[in-house]
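**Student:** Kindly return the folded structure for what I paste below:
(2 chains)
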Number of protein chains: 2
Amino acid sequence: MDNFTYYNPTKLYFGRGQIAKLDEAVPRDGTTLLLYGGGSIKRNGVYEQVREALGDRTVLEYGGIEANPTYETLMGAVELARAQGVTFLLAVGGGSVLDGTKFVAAAIPFEGEPWDILRRKAPVREARPLGAVLTLPATGSEANPVAVISRRQTQEKLAFSSPLVFPRFSVLDPATTFSLPPRQVANGIVDAFTHVLEQYLTYPAHAPLQDRMAEAILLTLLEVGPKTLEDPEDYDTRATFMWCATMALNGLIGLGVPQDWATHRIGHELTALHGIDHARTLAVILPSLLRHQRQGKRAKLLQYAERVWGLTEGPEDDRVEQAIARTAAFFEQLDVPTSLRRYEAVTPDTVEAVAERLKERGFYPLGERRDIGPDDVRAILTASLAA
Amino acid sequence: MDNFTYYNPTKLYFGRGQIAKLDEAVPRDGTTLLLYGGGSIKRNGVYEQVREALGDRTVLEYGGIEANPTYETLMGAVELARAQGVTFLLAVGGGSVLDGTKFVAAAIPFEGEPWDILRRKAPVREARPLGAVLTLPATGSEANPVAVISRRQTQEKLAFSSPLVFPRFSVLDPATTFSLPPRQVANGIVDAFTHVLEQYLTYPAHAPLQDRMAEAILLTLLEVGPKTLEDPEDYDTRATFMWCATMALNGLIGLGVPQDWATHRIGHELTALHGIDHARTLAVILPSLLRHQRQGKRAKLLQYAERVWGLTEGPEDDRVEQAIARTAAFFEQLDVPTSLRRYEAVTPDTVEAVAERLKERGFYPLGERRDIGPDDVRAILTASLAA
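**Tutor:** Sure thing, here's the model as predicted:
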C-alpha cells in the first residue's frame, strides 16, 4: 500500500426531507447565491423546499448552468457574486451545477484570469464557502474537491482540484431524484461504475480492503442499477444507488493504490468535441481500453472476473474477455451504447483529433502504468468505432 | 435505509515516515501538550520522531495514561494544561491515550465538574484542538468523535461523543506498530472485528452497500489478522490491518442502519469491575450474545454465514450456529479466550453485578431491537461462564 493523505470534511445530510437542514447548514448572515441548471428544480418541488428552508436569508439566484458547465456561463455568476458581495454559494442540481459552483467559488476571489485555474493549474489560495443540494446521483462531486469545466470558445474540458472547494455540506434526498429522466439515471449508474473501475482495474498493490470496498460498490450497482431504472420511485433502491455514487468518488477506494483515469481523459475530449454525454463517452471507451490494456491489468481483471462476475472456470483469457464483455453488456442493458459508431458526428478524424489534443495538453503517457501514448489512444478509439 | 448525517473531518496521514507531517499539522504558535502512555514510545523510536518533527515548538509532556484511561490520571493533564495555557493537544499512543486526550480536550474549558460530561451527558460546548499519532490499531479513536473513560473511585467506564473532539489529524504509520506485544495486536483484531459486527449483525435495513462494506472489512481482517500476528514486520499486512481498524469505526458502515453495541455495554462493566482487557471482554460476550439473540438477528446471521464464512448448505439453524462457532474459533485462534471461565476473578456474583449496574445507568433495554433486559444479560454472562 502506498502512503496517502485522506481528508474529506464535507458534512452529508442523507435522506427524506433533509433539505430542511439547510436552515442549520447555510449561514444566516451575508448573501447567498443559489446556483442551478435548466430549471427542473422549479418543476419538481426542490426549489420550493430550498427557498422554504432558507427562510428570510438574503438570497440571489443564478440559473442556466448547463451540462458540462462552461466557463462562459459561469463567469456570469462570478461577476454577479463579485458585484453583489456574495458570501456563500449554494449549488442545487447535479454534478454539472456542483462542479460549476466550485469553479465560481474559486474564481470570485481569484486575481487574474480564472481560466488559468484550469489551463495553467494556477493555485487556488482562497474560495468562497459552498454547500450543495444534489439532485442527480452520478459524479460524486457532492463529496470531493474536484470540478470539471468546459470552455466553448476553445472546445476544452479540463479538471481542477482544491481542498478549498469541498462542499461544506451536501444534502442528498433520494426522493428529489424520482423525476429524473431515465437517460440521466442510466448515465449516473455508468459514471459511478466507471469511477470505481478507474481506481480498481489497475494492478495489485497489497490493498485488499480497498479492493473489497471497490467490489462492494460494483456489486451493489449491478444489483440496484437496473432496479432503480425500472422502479424509479422505490426509495430504498434509489437511496442505495445515490449512496454508491457518492462512495465511488469520495476518495476512499483509491487511497494508497494506483489509479488509471485514462478513460476519463479520453472521454472529456469526446465531450468537448462532439457534446456526447460524459457517461456515454466512458461507456464507449472503457471496454476498448480494457481490451487494449488487458496484459497490464491482467491480475486485477481476473480478480474482477471472479469476485464481481463469478467467473472462475475456463481459460484465464476467456475469463478476462468475459468480464469485459459483461461490463459492456451491463452498460447496454441500461441503454447506454458501448460503440462509438452510435454517434454520427464521430469519424476517423475524431480519432486523430483526440490523440492530438491529449498531446497538446501534455497528458501523455496515460494510465496507471503510464504506458498509453497517442497510438494507443488511436487504437482504443478505432476499436470502439468498429465495435 | 434510515436518514443519516455524516461528518468526519479528521485528516489522515497514512504510511511510512508520516510522523514527519506533524511539522505541517501541528500549530507553530502556542503551547502543545504531548500526551502518552506507559512509555513504550520512548523505547520504540516514536518519541524521537515526534520530537524531531515538532522542532522548536513549545511542547509540554504528560505521560502515564493507562489502558482504560482514568479520570483520576487525566485530571492531572487538565490541571497542567490549564495552568500552562496549553493551546493544542497531541496524543501519541493507542486508543486509550487518544480517548484520554479527547476527554482532556473537552475538560480544559469545561465549567464545573468534567466527570459530568460522562456521567450526566453534560454538553461539550468547547474543546481544545487535538491531533494524534496512533501506535496501536484497534479502537478507531483516531478518526471518530468518541471516547471511553474510566473512573477508579466508582469503578465506572463510560463513553461520550462530541464533534468537537474529532482529532484534527491522525498520523498512522504501520511501522510504528511492529514492536507491539502480540497480545495487544490480537486484542486490536478482535476489537475491530467486533466493531464491525456491532453495526452489521442486526437486521436487514435495505442498505446493501453498508452490508458489503462491513463484509469487506470482516473478510480482510480474517485474511490479515493471523498473518500480521505471525509476521509482525510485514509492512503491507500490518498496514491493511491498521486501515481495517480505522474503517471499522469511522462511522461509514453504520450509516442509516440499526446498530447493536450491547456487547460493548456489557463488556465495559467487566473491565470496570475486573480490569479485563477491553477486547477480551468483547470476545467472551459476543458469541454468547449472538446465540441468545439468534432469532432477532437470524436474517443477518445467515447472510454473515454465507458471505463471510461461505456457509450455504445444510439447515439454516446449523449455518447460524456454525457462523457463531467460527467467529469464536477465530478469536481463540488469536489466543483471545471466548469463555468467562478463563478469568478467575469472575464469579456468579459478577453476573448479578453487571446486570444491576446496567440498570443503575439506565442503559436498558439494550440491542438494536431494544429487547435485552437484565435477565438476558444474566443469561448471556452465565452462558459465557459455562462455555
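
**Student:** wait, what's in contact with residue A:49?
**Tutor:** Contacts for residue A:49 (C-beta atoms under 8 Å, 6 or more residues apart in numbering or on different chains) come out as A:19-20, A:176. Any C-beta I mention is one placed from the backbone N, CA and C, and that applies to glycine too.

**Student:** what about the nearest residue to residue A:3 once chain neighbours are set aside, how many residues close to it?
**Tutor:** Among residues not flanking residue A:3 along the chain, residue B:15 sits closest, at 2.8 Å (C-beta to C-beta, 6 or more residues apart in numbering or on different chains). Using other C-beta atoms under 10 Å in any protein chain shown, residue B:15 has 21 other residues around it.

**Student:** now residue A:209
**Tutor:** Neighbour count for residue A:209, taken as other C-beta under 10 Å: 27.

**Student:** need the residues of the stretch 151-300 of chain A near chain B, please.
**Tutor:** Within the stretch 151-300 of chain A, the positions adjacent to chain B are A:206-209, A:212-213, A:215-217, A:219-220, A:223-224, A:236, A:239-240, A:243-244, A:247, A:252, A:255-256 by C-beta under 8 Å from any C-beta of the partner chain.

**Student:** rewinding a little: and the contacts of residue A:49, which is closest to residue B:159?
**Tutor:** Checking these against residue B:159 with C-beta to C-beta, the nearest one is residue A:20 at 29.5 Å.

**Student:** what about that closest one, is that helix, strand or coil?
**Tutor:** helix (DSSP: H, G, I helix; E, B strand; the rest coil).

**Student:** So if we follow the domain assignment, how does chain A break up?
**Tutor:** A:11-176, A:182-386 (automatic domain parsing).

**Student:** pLDDT averaged over the shortest one, what's the number?
**Tutor:** Regarding domain A:11-176, the rounded mean pLDDT is 97.

**Student:** quick one, what contacts the residue nearest to residue A:3?
**Tutor:** Applying C-beta under 8 Å, 6+ apart, the residues contacting residue B:15 are A:1-4, A:256, B:172-174, B:239.

**Student:** do residue A:128 as well
**Tutor:** Neighbours of residue A:128 in contact, by C-beta under 8 Å, 6+ apart: A:81, A:86-89, A:104-105, A:108-109.

**Student:** Neighbours of the residue nearest to residue A:356 when sequence neighbours are not counted, how many?
**Tutor:** Nearest non-adjacent residue to residue A:356, counting by C-beta to C-beta, 6+ apart: residue A:374, 7.3 Å away. By the criterion of other C-beta under 10 Å, residue A:374 has 16 neighbours.

**Student:** What separation do you get for residue A:374 and residue A:27?
**Tutor:** 49 Å (C-beta to C-beta, to the nearest Å).

**Student:** got it, and residue A:369?
**Tutor:** Taking C-beta to C-beta, one finds residue A:369 at 46 Å from residue A:27.

**Student:** and residue A:239, which of the three is it?
**Tutor:** Classification of residue A:239 by three-state DSSP places it in helix.

**Student:** For the longest helix belonging to chain A, list the C-alpha coordinates in PDB.
**Tutor:** Across chain A, the helix with the greatest residue count (assigned by DSSP state H) is helix A:208-230. Output of helix A:208-230 as PDB, limited to C-alpha atoms (Å, rounded to 0.1, in the frame of the first residue of the first chain):
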ATOM      1  CA  PRO A 208      -7.200  -5.900  -0.100                       C
ATOM      2  CA  LEU A 209      -9.600  -3.700   1.800                       C
ATOM      3  CA  GLN A 210      -9.600  -1.000  -0.900                       C
ATOM      4  CA  ASP A 211     -10.200  -3.800  -3.400                       C
ATOM      5  CA  ARG A 212     -13.100  -5.300  -1.500                       C
ATOM      6  CA  MET A 213     -14.700  -1.900  -0.900                       C
ATOM      7  CA  ALA A 214     -14.500  -1.200  -4.700                       C
ATOM      8  CA  GLU A 215     -16.100  -4.600  -5.400                       C
ATOM      9  CA  ALA A 216     -18.800  -3.800  -2.800                       C
ATOM     10  CA  ILE A 217     -19.800  -0.800  -4.700                       C
ATOM     11  CA  LEU A 218     -19.600  -2.600  -8.100                       C
ATOM     12  CA  LEU A 219     -21.800  -5.500  -6.900                       C
ATOM     13  CA  THR A 220     -24.300  -3.100  -5.300                       C
ATOM     14  CA  LEU A 221     -24.500  -1.000  -8.500                       C
ATOM     15  CA  LEU A 222     -25.100  -4.200 -10.600                       C
ATOM     16  CA  GLU A 223     -27.900  -5.100  -8.100                       C
ATOM     17  CA  VAL A 224     -29.700  -1.800  -7.800                       C
ATOM     18  CA  GLY A 225     -28.900  -0.100 -11.200                       C
ATOM     19  CA  PRO A 226     -31.400  -1.900 -13.400                       C
ATOM     20  CA  LYS A 227     -33.900  -2.000 -10.500                       C
ATOM     21  CA  THR A 228     -33.900   1.800  -9.900                       C
ATOM     22  CA  LEU A 229     -34.400   2.400 -13.700                       C
ATOM     23  CA  GLU A 230     -37.400   0.000 -13.700                       C
END
